[in-house]
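J.: need a 3D model of the following:
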Amino acid sequence: MLYELFRTELQEKTMPGMFSKFPAYEDRNKWDNLDKDLRAHIIREAEEIIGYRWPRFKASDYADYYRNGSRKSYDEVFKAVFDPLTKLAVAECVEGKGRFLDDIANGIWARCEDTSWVHTGHLQHYGEETIPIPDGEYMDLRCCSTGMQLAMIHRLLGSRLREWSPVLTDRIEKEIKVRILDRYIKTDQWWTNFEEGHTINNWNTHCNKCVIVTALIIEKDRDRLLTIMEKACRSLDIFLSIYHEDGACNEGPGYWKGASLVFLGSLHLIADIYGTDLNEVVDNRIRNMGNYIYKVLIYEDWYMGYADGNGRNPMYDAKLFITGDFLGDRRMMNMALDVFKRNEARGVFYENFIYDIYDYLEYITAYSKLKEKSCDATDRSYYLKNAVLADSHIFAARMEEGSEKGFFIGIKGGNNDESHNHNDMGCPYVYYNGEPVIIDVGAGMYTIKTFSPERYDIWTMQSGWHSLPELNGYPQSAGENFRSEDFEWKDDGTVASASMDVSQAYPDEADVSLFKRSISLDRGLGAVTLEDRVVLNSLKGESVFHITLKDRPFIIEAGLVGIKNRDGLIKLTYDSSLLECSIEEKSLLDDEKLFDSWGSMIHRFNFKPLKQSREYLLRFGISLERENQNEQQ
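T.: Residues are numbered from 1 along each chain as shown. This is a model prediction of the structure:
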């Protein structure tokens, strides 16, 4: 798609220095006319780091990952060098007084002096070193991000930096040429996906977009620039090729921001830079890649958060709005405005895990428009009554369109070899009034174990913590052949339901003939039913059924358990003549990422059959008993 577009239309338009996405420092009118509150915030943040002592990466920051499995020391230093440089550079553009130039120069110098820009956790893609070698052919997420950051600073402040010292701009150009542009031309990195056998995921989109921006700013040789652009378009086409018509991101909503959203952002960038109308290129699949995000939305920051995302997944406002505008998706734009309003209420001007300078500038230049439009009432139809991603076996339904009130249900299928995979075929989601009841925990803090052969020793990756049973003593297994089948759904307006057979997600040793999982929402009754029909070919081990919860449950009586909710008591019923129930607690105090989403503890129901059998038909009913029984549903 993009490669063909490049060959037929973009190639002849491609010229060095054609990047013009954001105003340079000299365009004082645009910088001086930014929103006054935003200007004050940007300048205030930079003032706090005048005289900044730039930390340097130590060999031990890299080695710690291989000694104790933790990325924390490296990540803390990376953020401490990356974020301040963006803040200072943008503040200098905004204020225009030269107050921040010394610190910017020091930051540029520090980054250029780094032996490598590679992330410690990504060295494993390039060999067995535990610290980077000076001539390593590294080109990972952080390398590409750093290259783009320096290129953007060169583009914004090039004239001011040359006045300070031309050595700075020359050094930026040299380091980017060697570490990014030459390397991209000469090597096929695994994430370009020109060779089979490598995962196609957000590395492709993030790295390619960074390279495109960097090359359009820095590369002076037109033939080299053509080579880079052609290669990036071919690589992005490969990324697009793995998407089904439904547009679902197999990396989940947490990584959608770095995968599908960045792909869409790359299309928008190309359309802007080249002055090209991409309406004929943006087909139904690509539009679905965008609207996927509100199809898996539960409420505000809560999503059907499968794979390695967080439980809570803060969304970008400006980028979401810009993409919605590009796609002509009014629901996405309204969703973005609601995110913006929530951020504004919290006093948050920009929310991202790092200060990506491209994203930050998109936010800044869109801010006034977002602020103006956010004053109007937004249509909340992005809270869909139901959403079906048929190719990916994902279903969601709620009580009514445009509202989080009442029950939300969801179920997720697919296969157990997806990018950032968890063994989660058939994982259910149940929320009430936007509050979590039955949850997908998501991933904890990344360690060396996360991306190793021991990945599925981590409890958050296991099916038993995704409200799925062990059958004949076996949980689900990882691999492309372990998948859901026979996905069906219906919604007659009153009852919405979906089902799938997840027997193939279990290993042969489990000897599972059928495991049909169903979830339904009866809008008339305001009730949810989770049903499991299991047929085993033989009885050779113990089966145990699990349901994972955010809040602490308690046993009311045999066959009835309760979970306190802010709106009343969630009741879960089960057949006590078939099952006995116990409650398990899991502390999250040692994992900052999980704690931020769920608090100090989550819980799990363990339902053990009173008599092990080759066949089970189990139903779990979920409803709300309000404290005031006369209150309307």
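J.: low-confidence stretches in the stretch 301-450 of the chain?
T.: Residues of the stretch 301-450 of the chain meeting the criterion pLDDT under 70: none.
J.: what about the strands in it?
T.: 302-303, 386-389, 394-398, 407-412, 415-416, 427-432, 435-438 (DSSP state E, counting those that start in this stretch).
J.: adding distance to Y446, write those strands out as JSON lines.
T.: For glycine as for every other residue, the C-beta is placed from the backbone atoms N, C-alpha and C. Converted to JSON lines, the strands of the stretch 301-450 of the chain look like this (distance: least, Cβ to Cβ, whole Å):
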{"stretch": "strand 302-303", "distance to Y446": "19"}
{"stretch": "strand 386-389", "distance to Y446": "27"}
{"stretch": "strand 394-398", "distance to Y446": "25"}
{"stretch": "strand 407-412", "distance to Y446": "22"}
{"stretch": "strand 415-416", "distance to Y446": "20"}
{"stretch": "strand 427-432", "distance to Y446": "21"}
{"stretch": "strand 435-438", "distance to Y446": "23"}
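J.: can I get those strands in CSV including mean neighbour count and distance to M500?
T.: Formatted as CSV, the strands of the stretch 301-450 of the chain follow (neighbours: other Cβ atoms under 10 Å; distance: least, Cβ to Cβ, whole Å):
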stretch, mean neighbour count, distance to M500
strand 302-303, 24, 20
strand 386-389, 21, 12
strand 394-398, 27, 9
strand 407-412, 27, 7
strand 415-416, 22, 12
strand 427-432, 25, 11
strand 435-438, 22, 17
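J.: if I pick I354, what's in contact with it?
T.: By Cβ atoms under 8 Å, 6 or more residues apart in numbering, the contact list for I354 reads 78-79, 82-83, 145.
J.: let's see it at 7 Å
T.: Listed by Cβ atoms under 7 Å, 6 or more residues apart in numbering, the contact set of I354 reads 79, 82-83.
J.: before we move on, back to that, and the strands of the stretch 301-450 of the chain: which comes nearest L236?
T.: Among those, the nearest to L236 by Cβ to Cβ is strand 386-389 (22.1 Å).
J.: any figure for the gap between R160 and W109?
T.: Distance, R160 to W109, by Cβ to Cβ, to the nearest Å: 15 Å.
J.: neighbour count for the two, which is higher?
T.: R160 (22 against 14; other Cβ atoms under 10 Å).
J.: quick one: residues contacting that one.
T.: Here R160 is in contact with 25, 101 (Cβ under 7 Å, 6+ apart).
J.: hmm, back to that, out of the strands of the stretch 301-450 of the chain, nearest to I357?
T.: The minimum distance between I357 and the strands of the stretch 301-450 of the chain falls on strand 302-303, with 26.6 Å, by Cβ to Cβ.
J.: got a list of contacts for the closest one?
T.: Identification of contacts with strand 302-303 by Cβ under 7 Å, 6+ apart yields 253, 296-297, 312-313, 431, 434, 436.
J.: go through these and flag which are in helices.
T.: Residues from the contacts of strand 302-303 lying in helices, with DSSP state H as the criterion: P253.
J.: out of the contacts of strand 302-303, which are buried?
T.: 253, 296-297, 312-313, 431, 434, 436 (16 or more other Cβ atoms under 10 Å).
J.: just flag the most distant two among the residues you listed.
T.: Within the buried ones among the contacts of strand 302-303, two members stand farthest from each other by Cβ to Cβ: P253 and G434, at 15.6 Å.
J.: just to revisit the earlier point, what's the closest of the buried ones among the contacts of strand 302-303 to A105?
T.: Taking Cβ to Cβ as the measure, A105 lies nearest N313 of the buried ones among the contacts of strand 302-303, at 37.0 Å.
J.: list the contacts of that closest one.
T.: 253-254, 301, 303, 305.
J.: now render these as JSON lines, adding distance to I563.
T.: Listed next are these as JSON lines, based on distance: Cβ to Cβ, whole Å:
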{"residue": "P253", "distance to I563": "24"}
{"residue": "G254", "distance to I563": "25"}
{"residue": "D301", "distance to I563": "21"}
{"residue": "Y303", "distance to I563": "21"}
{"residue": "G305", "distance to I563": "19"}
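J.: among those, which one sits closest to F340?
T.: Among the contacts of N313, and counting by Cβ to Cβ, the member closest to F340 is D301, at 13.6 Å.
J.: distance of that closest one relative to N334?
T.: 16 Å.
J.: show me which of those two is the more surrounded one.
T.: For the pair D301 and N334, the greater number of neighbours falls to N334 (22 against 17), based on other Cβ under 10 Å.
J.: I figured that one hits D379, correct?
T.: Yes: counting by Cβ atoms under 7 Å, N334 touches D379, with 5.1 Å between them.
J.: contact partners of the helix or strand harbouring A498?
T.: In this structure, A498 is located in strand 495-501 according to DSSP states H and E. Residues outside strand 495-501 that contact it (Cβ under 7 Å, 6+ apart) are 386, 393, 395, 397, 411, 413, 426, 484-490, 514-522.
J.: ok so, going back, need the contacts of strand 302-303 in TSV (columns: distance to R619).
T.: Formatted as TSV, the contacts of strand 302-303 follow (distance: Cβ to Cβ, whole Å):
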residue	distance to R619
P253	29
V296	26
L297	28
R312	30
N313	31
Y431	20
G434	25
P436	22
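J.: how far does stretch 48-56 sit from its chain's centre?
T.: Centroid displacement of stretch 48-56 relative to its chain, using Cα atoms, centre = their mean, to the nearest Å, is 30 Å.
J.: that stretch spans what distance, first to last residue?
T.: Stretch 48-56 has its terminal residues 19 Å apart, counting by Cα to Cα, to the nearest Å.
J.: surely D591 meets G444?
T.: Yes: between D591 and G444 there is a contact under Cβ under 7 Å: 4.2 Å.
J.: more neighbours, those two?
T.: Under the criterion of other Cβ under 10 Å, the comparison of D591 against G444 puts G444 first, with 21 against 17.
J.: and the more buried one, how far is that from S70?
T.: Taking Cβ to Cβ, one finds G444 at 12 Å from S70.
J.: likewise for F239?
T.: Applying Cβ to Cβ, the value for F239 to S70 is 31 Å.
J.: and if you look at I49?
T.: Taken as Cβ to Cβ, the span from I49 to S70 is 26 Å.
J.: buried sites along the helix or strand containing D75?
T.: Assigned by DSSP H and E, D75 belongs to helix 72-95. Neighbour-count burial for helix 72-95, with 16+ other Cβ under 10 Å as criterion, is recorded at 73-75, 77-78, 81-95.
J.: try stretch 285-294
T.: 286-294.
J.: that older thread, between F239 and S70, which one's more packed in?
T.: F239 (24 against 16).
J.: my guess is that one is in a helix, correct?
T.: Yes: the assignment for F239 (DSSP: H, G, I helix; E, B strand; the rest coil) places it in a helix.
J.: quick one: R312 and D301 touch, right?
T.: Yes: R312 lies in contact with D301 (Cβ under 7 Å); the separation is 4.5 Å.
J.: out of the strands of the stretch 301-450 of the chain, which gets nearest to P132?
T.: Evaluated over these, closeness to P132 peaks at strand 415-416, with 33.0 Å, by Cβ to Cβ.
J.: name every strand pairing with that closest one and say which way it goes.
T.: strand 479-483 (antiparallel) (DSSP bridges).
J.: now the partner strand and strand 495-501, what's the angle there?
T.: 130 degrees (axes from the mean of the first three to the mean of the last three Cα atoms, to 10 degrees).
J.: buried ones in the helix or strand following strand 479-483?
T.: The element immediately downstream of strand 479-483 (helix or strand, assigned by DSSP H and E) is strand 485-491. Burial within strand 485-491, assessed by neighbour count using 16+ other Cβ under 10 Å, is assigned to 487, 489, 491.
J.: dump those to a markdown table, plus pLDDT.
T.: Output for the buried residues of strand 485-491, formatted as a markdown table (pLDDT from 0 to 100):
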| residue | pLDDT |
| --- | --- |
| F487 | 98 |
| W489 | 98 |
| D491 | 98 |
